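**Student:** sequence and computational prediction follow.
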Amino acid sequence: MAPRPAWKGYLKLSLVTCAIELTNVVTHAEKVSFRILNRKTGNTVKRIYVDAETGKPLEEGDEIKGYEVSDGDFVHIEEDEIEAVEIESSHTLGLDGFVEKSSIEQIYLDTPYYVSPADEVSEEAFAVIRDAMAAKKMAGLARIVLYNRERPVVIEPLGKGMVLTTLRYDDTVRQPSTVFDEIKATRTDDEMIDLAEHIIDSKKTKFDASKFDDRYEDALLELIRAKKAGKKAPKVKAPAKPSNVVNLFDALKKSLNAEGGGKAGKSSSKGSSARAKAKTSAPGHNQHRRRKSA
């Protein structure tokens with residue numbers, strides 16, 4: 001069964017328009033979920049709205065959205081009034097500009113959606129826009145109204161379709177400097193960097209999303225199966241928490257040996273010498289003696 005579209009509308013490039021639909025990339029359908037039960041009866045429970053002043057539950061249809069304009073003073077807004085609010089991006093994704101996707105900092109990327117033509121009539125125009133962006137290796141910038149919010153988005157080709165990623169507004173993103181400025185500048189040792197590089201080389205692999213398992217979910221399922229069988233919850237020994245490294249050089253050497261890269265010591269020294277030589281030959285370089293390893 002095809003997933004239900006999250007949004008339907010139009011994609012527009014200048015005077016070229018085609019009908020499209022967005023489909024959620026992420027699904028949580030197979031994840032473990034829990035219902036809230038009455039501990040005494042075992043029955044499921046439901047949430048109800050209660051008047052904050054009288055304590056009485058609201059009847060169906062008595063709820064209404066309110067926007068607080070001052071302390072305790074609300075403007076009442078009906079659901080159909082919200083639904084009636086429309087701007088161009090409510091129904092049309094206008095490609096306003098094009099950028100290289102790599103130029104968008106990762107901290108601004110939010111939620112991905114698949115983009116596909118909504119009908120056969122739109123397939124040709126959709127393919128033209130998709131293939132033109134692919135040829136130029138560019139991604140399109142646009143805006144869309146999703147879940148009663150206008151969001152900036154970036155759209156890029158992906159196989160026979162495209163993928164749209166909503167972007168975060170700049171004023172909602174905490175800039176790296178607000179956190180990283182507190183990190184003190186540290187002079188690193190070349191030999192230790194070389195050891196770390198060899199560890200990285202020994203663990204080099206290719207990204208394969210199918211190899212990622214939700215181990216926490218597996219543990220939850222083990223708990224559920226045990227309880228279902230009338231057994232006690234399995235006792236899980238908490239893994240030991242790592243401690244701070246006392247001797248970083250020794251820790252790196254042991255790590256390299258553990259990864260099967262113990263023979264890299266000589267090349268590590270060569271790499272360190274080459275890097276040190278490059279540093280000392282640089283204009284204005286202040287030579288400093290390498291720290292001795294323990």
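**Tutor:** Here it is on my side, so go on. Numbers count the residues shown, from 1 in each chain.
**Student:** would you map the strands across this protein?
**Tutor:** Assigned by DSSP state E, the chain shows strands spanning 7-13, 16-24, 65-70, 73-77, 92-94, 97-99, 109-117, 139-146, 149-158, 161-167.
**Student:** the fifth one packs against which elements?
**Tutor:** When you say that, I think you mean strand 92-94. strand 7-13, strand 139-146 (3 or more C-beta pairs under 8 Å, 6 or more residues apart in numbering; DSSP states H and E). (Glycine included, C-beta is placed from N, CA and C.)
**Student:** will you turn the ones you listed into TSV that also has mean pLDDT, mean neighbour count and distance to residue 108?
**Tutor:** Formatted as TSV, those follow (pLDDT from 0 to 100; neighbours: other C-beta atoms under 10 Å; distance: least, C-beta to C-beta, whole Å):
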stretch	mean pLDDT	mean neighbour count	distance to residue 108
strand 7-13	95	18	20
strand 139-146	96	20	11
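**Student:** could you export the ones you listed as JSON lines, including distance to residue 197?
**Tutor:** Below are the helices and strands packed on strand 92-94 laid out as JSON lines (distance: least, C-beta to C-beta, whole Å):
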{"stretch": "strand 7-13", "distance to residue 197": "45"}
{"stretch": "strand 139-146", "distance to residue 197": "32"}
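**Student:** which of the ones you listed sits closest to residue 59?
**Tutor:** The stretch from the helices and strands packed on strand 92-94 with the least distance to residue 59 (C-beta to C-beta) is strand 139-146; that distance is 31.4 Å.
**Student:** which residues touch the closest one?
**Tutor:** 6-7, 9, 13, 86-87, 89-90, 93-101, 104, 133, 150-156, 164, 166 (C-beta atoms under 8 Å, 6 or more residues apart in numbering).
**Student:** of these, just the buried ones, PyMOL syntax please.
**Tutor:** Those of the contacts of strand 139-146 that count as buried under 16 or more other C-beta atoms under 10 Å are selected in PyMOL with:
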select buried, resi 7+9+13+89+93+94+95+98+133+151+152+153+154+155+156+164+166
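**Student:** shaky segments in the stretch 101-250 of the chain?
**Tutor:** Across the stretch 101-250 of the chain, the ranges flagged by pLDDT under 70 are 242-247, 249.
**Student:** show me the one of the helices and strands packed on strand 92-94 that comes nearest residue 72.
**Tutor:** Using C-beta to C-beta, the helices and strands packed on strand 92-94 put strand 139-146 closest to residue 72, at 30.5 Å.
**Student:** separation between residue 59 and residue 8?
**Tutor:** 34 Å (C-beta to C-beta, to the nearest Å).
**Student:** with residue 84 instead?
**Tutor:** Distance from residue 84 to residue 8, by C-beta to C-beta: 18 Å.
**Student:** all helices of the protein, in order?
**Tutor:** Per DSSP state H, the chain carries helices over the ranges 79-83, 123-136, 177-180, 190-202, 215-228, 248-258, 265-280.
**Student:** centroid residue for this structure?
**Tutor:** residue 110 (6.1 Å; C-alpha atoms, centre = their mean).
**Student:** tell me the contacts of the closest residue to that one other than its chain neighbours?
**Tutor:** Closest residue to residue 110 apart from its sequence neighbours, by C-beta to C-beta, 6 or more residues apart in numbering: residue 166 at 4.3 Å. Each residue near residue 166 by C-beta under 8 Å, 6+ apart is listed here: 110-111, 113, 144, 146, 151-153.
**Student:** want to throw those residues into TSV with distance to residue 47?
**Tutor:** Output for the contacts of residue 166, formatted as TSV (distance: C-beta to C-beta, whole Å):
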residue	distance to residue 47
110	28
111	26
113	29
144	31
146	25
151	28
152	34
153	33
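**Student:** farthest pair in these?
**Tutor:** Longest span within the contacts of residue 166, C-beta to C-beta: 113 and 152, 13.7 Å.
**Student:** using a markdown table, please lay out the helices of the chain together with distance to residue 63.
**Tutor:** A markdown table is the format used below for these (distance: least, C-beta to C-beta, whole Å):
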| stretch | distance to residue 63 |
| --- | --- |
| helix 79-83 | 9 |
| helix 123-136 | 41 |
| helix 177-180 | 39 |
| helix 190-202 | 56 |
| helix 215-228 | 34 |
| helix 248-258 | 58 |
| helix 265-280 | 67 |
